[in-house]
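K.L.:
Build me a model from this:
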Amino acid sequence: MNLILTPEHIRAVATNPAPNGVVHALAPVIRRFDIDQTPERLGMFLAQWGHESNFVVQSENLNYSAERLCQVWPNRFPNMAAARPYARNPQALANKVYNGRMGNRAGSNDGWTFRGRGWPQLTGRDGYRAYGRLVGLDLEGNPDLLLRPEASAAVCGAFWTHKRLRSDPRSANQMADQGDMVSVTLLINGGENGLQDRLARYRRVIPLLRDQAEALKAQQAVVFPVQTLFVNGVELPLGSATIEGDTITLPSGTHRIVKQNQVGTKLYVQTS
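P.N.:
Have a look, this model is predicted:
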């Protein structure tokens, strides 16, 4: 099943003035990375990136007061005297806090050039290079490409699909299918910042997606009644299988469905 992203879903998770544009940018991405296969995946994806950026493309705001610098980076700015040269000086601040790591060269302008941008707030030369390769864009050579919604959407999808926690081999899709908000937040954020807000956004959008999923299932059954069933590439008699939600019961037992697609009257099921 392919869920259909709508402006209503975007409004449920983000205060964005142009939800139609967000839908246009995200639609091919959620299809490419199988994020549209379950309400839980799409709901988690939207809630997480909605929290990060409200789907507004912008560069990182580094225009801090000295007092705020001491709060955000206490190790780098232990007192007001250390912070004052970088207060209200975004370029100097970016080079101070970001150079010498994430692929940024010490003593260069890399910290400023590769500051956070776009919906994912991608940061650092290494990140721009790696995700640029994954999505087929020269982000390292032209970082401002991330300020285009389509580029931001593509990087969000690639990050979601390829990023892993060191101690957890699961993909974000697998975590989302299991409702593991904490692990997905760690994957996206590196910590648990904004966990309650992410959860609140998820709770607003998930009923809409589940209602749509049920409607699509009902419509599909009426318009295209299944006549042929394939499980993991093997054709089986229809009467030998019972599908309930995300599980299929066969003579061999009950298995979790990881993917199912209907083409005309043929239903293709892949199990874990």
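K.L.:
Without its sequence neighbours, what residue ends up closest to Val205?
P.N.:
Ala12 (4.1 Å; Cβ to Cβ, 6 or more residues apart in numbering). Quick note: C-beta positions are derived from backbone N, CA and C, even for glycine.
K.L.:
got it, and Leu250?
P.N.:
Ala241 (5.5 Å).
K.L.:
next one: phi and psi at the closest residue to Asn54 other than its chain neighbours?
P.N.:
Nearest residue to Asn54, sequence neighbours excluded (Cβ to Cβ, 6+ apart): Ala14, at 4.3 Å. Ala14 has phi and psi values of phi -150, psi 150 when expressed as degrees, to the nearest 10.
K.L.:
Distance-wise, check Ala14 relative to Asn89.
P.N.:
31 Å (Cβ to Cβ, to the nearest Å).
K.L.:
And these two? Which one has more around it.
P.N.:
Ala14 (23 against 15; other Cβ atoms under 10 Å).
K.L.:
surely that one meets Gly50?
P.N.:
Yes. Ala14 lies in contact with Gly50 (Cβ atoms under 8 Å); the separation is 4.0 Å.
K.L.:
got any residues that touch both of those two?
P.N.:
Taking Cβ atoms under 8 Å, 6 or more residues apart in numbering as the criterion, Ala14 and Gly50 both touch Arg201.
K.L.:
rewinding a little: assumed the residue nearest to Val205 was part of a strand.
P.N.:
No. Counting by DSSP: H, G, I helix; E, B strand; the rest coil, Ala12 is not found in a strand; it is helix.
K.L.:
what's near enough to touch it?
P.N.:
Neighbours of Ala12 in contact, by Cβ under 8 Å, 6+ apart: 46, 201, 204-205, 208.
K.L.:
Isn't the residue nearest to Leu250 up against Asn232?
P.N.:
No. Using Cβ under 8 Å, Ala241 is not in contact with Asn232; the gap is 11.8 Å.
K.L.:
quick one: which of the two has more around it?
P.N.:
When Ala241 is set against Asn232 and neighbours are counted by other Cβ under 10 Å, the residue ahead is Ala241, at 17 against 10.
K.L.:
Going by residue numbers, what spans are helices in the stretch 1-150 of the chain?
P.N.:
Counting by DSSP state H, counting those that start in this stretch, the stretch 1-150 of the chain has helices at residues 7-13, 19-32, 39-53, 66-72, 80-83, 90-98, 110-113, 125-135, 149-162.
K.L.:
Pull out the buried residues from the fifth one.
P.N.:
Of the residues in helix 80-83, Ala83 count as buried by neighbour count, 16 or more other Cβ atoms under 10 Å.
K.L.:
Measure how the helix or strand Arg201 falls within sits relative to helix 39-53, angle-wise.
P.N.:
Using DSSP states H and E, Arg201 falls within helix 195-223. Between helix 195-223 and helix 39-53, the angle comes out at 140 degrees (axes from the mean of the first three to the mean of the last three Cα atoms, to 10 degrees).
K.L.:
Which strands or helices does helix 195-223 pack on?
P.N.:
Counting contacts by 3 or more Cβ pairs under 8 Å, 6 or more residues apart in numbering; DSSP states H and E, helix 195-223 is packed against helix 7-13, helix 39-53, helix 181-189.
K.L.:
domains of the protein?
P.N.:
7-58+121-215, 66-113, 225-271 (automatic domain parsing).
K.L.:
how distant is the longest one from the center of its chain?
P.N.:
Domain 7-58+121-215 has its average C-alpha position 2 Å from the chain's average C-alpha position, going by Cα atoms, centre = their mean, to the nearest Å.
K.L.:
pLDDT of that domain, averaged?
P.N.:
Average pLDDT, domain 7-58+121-215: 96.
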